[in-house]
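J.: Generate coordinates for the sequence data below:
(2 chains)
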Number of protein chains: 2
Amino acid sequence: MIKNDILLRALQGQEVERPPVWLMRQAGRILPQYRSLRASLSGFKELVMTPSLAAEVTLQPVDELGVDAAILFSDILVIPEAMGLGYEMEERKGPSFPKVVENADDVANLLEGNAAALHLDYVYEAVKLTKKSLAGRVPLIGFSGAPWTLMAYMTEGGGSKTFSKAKKFLYTQPELAHQLLDKLTNTIISYLNLKIEAGVDAVQLFDSWAGVLSPEQYREFSFPYIKKICDNVQGVPKIVFAKDGWFALTEMAYLDCQAIGLDWTVNPHLGREWVGPKKVLQGNLDPCALYAPAPKIRQVTEQMILDFKSKHIVNLGHGLYPDTPLSNVKCFVDSVKSFCY
Amino acid sequence: MIKNDILLRALQGQEVERPPVWLMRQAGRILPQYRSLRASLSGFKELVMTPSLAAEVTLQPVDELGVDAAILFSDILVIPEAMGLGYEMEERKGPSFPKVVENADDVANLLEGNAAALHLDYVYEAVKLTKKSLAGRVPLIGFSGAPWTLMAYMTEGGGSKTFSKAKKFLYTQPELAHQLLDKLTNTIISYLNLKIEAGVDAVQLFDSWAGVLSPEQYREFSFPYIKKICDNVQGVPKIVFAKDGWFALTEMAYLDCQAIGLDWTVNPHLGREWVGPKKVLQGNLDPCALYAPAPKIRQVTEQMILDFKSKHIVNLGHGLYPDTPLSNVKCFVDSVKSFCY
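T.: Down below sits the predicted model:
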């Protein structure tokens, strides 16, 4: 039994007294307890790969911010690593792959499905520990990167403004791209199902780099794989978030998922028009709005809730930026929790 | 008199035999003659600030690619520099500002209008030299960054995926942001009018970072300034391109300009629906499509022309990426020039 189950009730399409609230990247640098734990460690990956530490960090925002959900502290790049392509995470520089996927051999060498996902025992263990520590206070969300977004990093070699190398792969080796996306998809399905078995109460799929694709490319190289994942992961509510993927929202309405995430470029009315009446919408305050003074934060948060009207989970339109003042994040969460429909 | 005036006829809304074609960043690293000239110089800014060299580079793609327009080789950051905020351009790292705009004094210290624009004599001189060298072969386009995009660099200090510092400025110092945007706007108006006086045949405004703003912020901090520029720059056709600014297209239909640029996330039918029937649309092939083999380039280029139907100027949806093979760029241009409506 979960005591504060407002997120799960909202995801089931029930009417709720106020919208639930959680924040992408709520466990992280905005919290002093995170920064002090992180400073005592060798690196980011130690945190991700040590179940007790991942669980500890996952709980910090539940204690500190009073959000309506925990989201397991991890990284989307654990999947490529489990498939055989290790990543590195450097402070302030972001993720990188010392070796990238370039040709048919590179794709052939990757593990897939359960054979890959079973390498991620530390994640399932972290889920179990977190569930125990949470003791039913709030639900626990597990996440995965979407196939295109993971492929983007694996072929580009790291972050990029344009992901032109990754997109070049799509234009010059489309069949190989499909093979890679297929392997990623099978691995993500196994991974999410194992996370559900370990105890997560909901899952979210992040297609963080949807927005660098054209609508046609998205239709060919991203959407079908997300659909396959949604079709093959069952038992808990699913949230799909394609950042900057406004052009795909009308199609995403047909996914077997309960909620669709929106970034801040999509106004709530338009988002509802495009997604239709059935799904819950999640989002979508500009993370930079949390730099504003408290009265402004309250005003834009309440306006957003009014604009979405109902079937809404409050979140940002992107992960929290690490230099956001903690008091401002609290003001945001409190504004939602004191709201009454 | 301009011999190949197909771009100007298209911008006037006339029916043309095929769409005109030019490419954003057509003068640059994709051309061997550019790379060899560039290698002989101390840096990028020497090229920008030496009229004879800027003119030479501007003509290279006209000779090599046979495009229907030249666009004066320059940089959007010459405007902040003329206002008193110098920029640096480092190879592979992009632009940066050693000093950024942070407070009221920083804004007060900036020159504006003619007082700033008159510092850009080297640009007007480059226009005159280029017009002479072109000898009426094709029209010459002059460009400027839009106020928000320039402000983004001046407050962020350089390129960024999120422009979170620049957006923080909007949320925390909105009045000061408006003062800065106003000064930028007045300078851009003077600058474009001086370019027109010097001889450019058309102008394009680049709002490269439109897409990091929410629709509400765009409406407050970008659109009104672009409108003021369009209203106060007369005598030649105007093109406005707000990269990732899909959410503003219905409003941009009301600007006093002849053409609106689209990036590749906006499908041509939707772009036409949003902008309405009156304006010419410019764009919008994904620059990464030029990594594809020649038959694929021809196919997607022709499909794009068919999708736009008419009132269309062919271009990419962003600047050419520097590692695009020259033969592929030629294939793109030739595909357009051999097309017949």
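J.: could you say what helices and strands whichever strand or helix holds residue A:152 packs with?
T.: Taking DSSP states H and E as the criterion, residue A:152 maps to helix A:147-156. In terms of contact count using 3 or more CB pairs under 8 Å, 6 or more residues apart in numbering or on different chains; DSSP states H and E, helix A:147-156 is assigned the packing partners helix A:78-83, helix A:164-172, helix A:174-198, strand A:202-207, helix A:215-221, helix A:223-232. To be clear about C-beta, it is placed using only N, CA and C from the backbone, and glycine gets the same treatment.
J.: Of all these, which one comes closest to residue B:259?
T.: Residue B:259 lies closest to helix A:215-221 among the helices and strands packed on helix A:147-156, at 21.8 Å (CB to CB).
J.: ok, residues contacting that closest one?
T.: The contact list for helix A:215-221, computed with CB atoms under 8 Å, 6 or more residues apart in numbering or on different chains, reads A:148, A:151, A:167, A:170, A:174, A:177-178, A:181, A:210, A:213, A:242, A:245, A:247-248, A:251, B:265, B:267, B:286.
J.: Selecting buried members of those residues in ChimeraX, what would you type?
T.: A single ChimeraX command selects the buried members of the contacts of helix A:215-221 (16 or more other CB atoms under 10 Å in any protein chain shown):
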select /A:148,151,167,170,177,178,181,210,213,242,245,247,248,251 /B:265,267,286
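J.: Residues of the stretch 201-341 of chain A that sit close to chain B?
T.: Counting by CB under 8 Å from any CB of the partner chain, the residues of the stretch 201-341 of chain A close to chain B are A:211, A:213-217, A:244, A:246-247, A:264-267, A:270, A:286-289, A:291-293, A:296, A:318, A:321, A:323.
J.: who are the neighbours in contact with residue A:341?
T.: Going by CB under 8 Å, 6+ apart, residue A:341 touches A:16-18, A:310.
J.: Relative to chain B, how far out is it?
T.: To chain B, residue A:341 is 23 Å away according to CB to the nearest CB, to the nearest Å.
J.: per-residue pLDDT, the spatially most central residue of chain A?
T.: The residue lying closest to the centre of chain A (CA atoms, centre = their mean) is residue A:206, at 4.3 Å. Here, the pLDDT recorded for residue A:206 equals 98.
J.: Quick one, which of the helices and strands packed on helix A:147-156 gets closest to residue A:280.
T.: Ranking the helices and strands packed on helix A:147-156 by proximity to residue A:280 (CB to CB) places strand A:202-207 first, at 11.0 Å.
J.: ok, residues contacting that closest one?
T.: Contacts for strand A:202-207 (CB under 8 Å, 6+ apart): A:7-8, A:11, A:69, A:71, A:76, A:139-146, A:148-149, A:188, A:192, A:195-196, A:222, A:226, A:229-230, A:233, A:236-243, A:245, A:257, A:261.
J.: Now it - C-alpha only, CSV.
T.: Below are the C-alpha coordinates for strand A:202-207, written out as CSV (Å, rounded to 0.1, in the frame of the first residue of the first chain):
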residue,chain,number,x,y,z
ALA,A,202,5.6,3.5,-12.8
VAL,A,203,8.0,3.9,-15.6
GLN,A,204,9.1,6.9,-17.8
LEU,A,205,10.7,6.8,-21.2
PHE,A,206,12.9,9.8,-22.1
ASP,A,207,13.4,10.6,-25.7
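J.: farthest residue from the center of chain A?
T.: residue A:105 (30.0 Å).
J.: residues contacting that one?
T.: Neighbours of residue A:105 in contact, by CB under 8 Å, 6+ apart: none.
J.: Buried residues in the one helix or strand it maps to, which are they?
T.: In this assignment (DSSP H and E), residue A:105 forms part of helix A:104-108. Buried residues in helix A:104-108, defined by neighbour count with 16+ other CB under 10 Å: A:106-107.
J.: before we move on, what about stretch A:25-43?
T.: Neighbour-count burial for stretch A:25-43, counted by 16+ other CB under 10 Å, picks out A:25-28, A:30-31, A:34, A:38.
J.: Reformat these as JSON lines; add distance to chain B and pLDDT.
T.: Shown next, in JSON lines, are these (distance: CB to the nearest CB, whole Å; pLDDT from 0 to 100):
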{"residue": "A:25", "distance to chain B": "12", "pLDDT": "97"}
{"residue": "A:26", "distance to chain B": "17", "pLDDT": "98"}
{"residue": "A:27", "distance to chain B": "19", "pLDDT": "97"}
{"residue": "A:28", "distance to chain B": "15", "pLDDT": "95"}
{"residue": "A:30", "distance to chain B": "13", "pLDDT": "97"}
{"residue": "A:31", "distance to chain B": "18", "pLDDT": "98"}
{"residue": "A:34", "distance to chain B": "19", "pLDDT": "98"}
{"residue": "A:38", "distance to chain B": "20", "pLDDT": "96"}
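J.: Among the residues you listed, which lie within strands?
T.: Judged by DSSP state E, those include no members of strands.
J.: quick one: which of those residues is nearest residue B:200?
T.: Checking the buried residues of stretch A:25-43 one by one against residue B:200 (CB to CB), the nearest turns out to be residue A:25, at 45.8 Å.
J.: mind checking how far that closest one is from residue A:129?
T.: 21 Å (CB to CB, to the nearest Å).
J.: Then residue A:285?
T.: 31 Å.
J.: more neighbours, those two?
T.: Neighbour comparison, residue A:285 and residue A:129: the larger count goes to residue A:285, with 24 against 20 (by other CB atoms under 10 Å in any protein chain shown).
J.: Nearest residue to the more buried one in space, ignoring adjacent ones along the chain?
T.: Leaving aside its sequence neighbours, residue A:285 sits nearest to residue A:316 (CB to CB, 6 or more residues apart in numbering or on different chains; 5.1 Å).
J.: Test my guess that the one you found contacts residue A:23.
T.: Yes - contact between residue A:316 and residue A:23 holds when scored by CB atoms under 8 Å: they sit 5.7 Å apart.
J.: picking that back up, turn the contacts of residue A:341 into TSV, including secondary structure, neighbour count and pLDDT.
T.: Below are the contacts of residue A:341 laid out as TSV (DSSP: H, G, I helix; E, B strand; the rest coil; neighbours: other CB atoms under 10 Å in any protein chain shown; pLDDT from 0 to 100):
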residue	secondary structure	neighbour count	pLDDT
A:16	coil	19	98
A:17	coil	9	97
A:18	coil	17	98
A:310	coil	15	97
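J.: nearest to chain B, of those residues?
T.: Nearest to chain B among those is residue A:310, at 21.5 Å by CB to the nearest CB.
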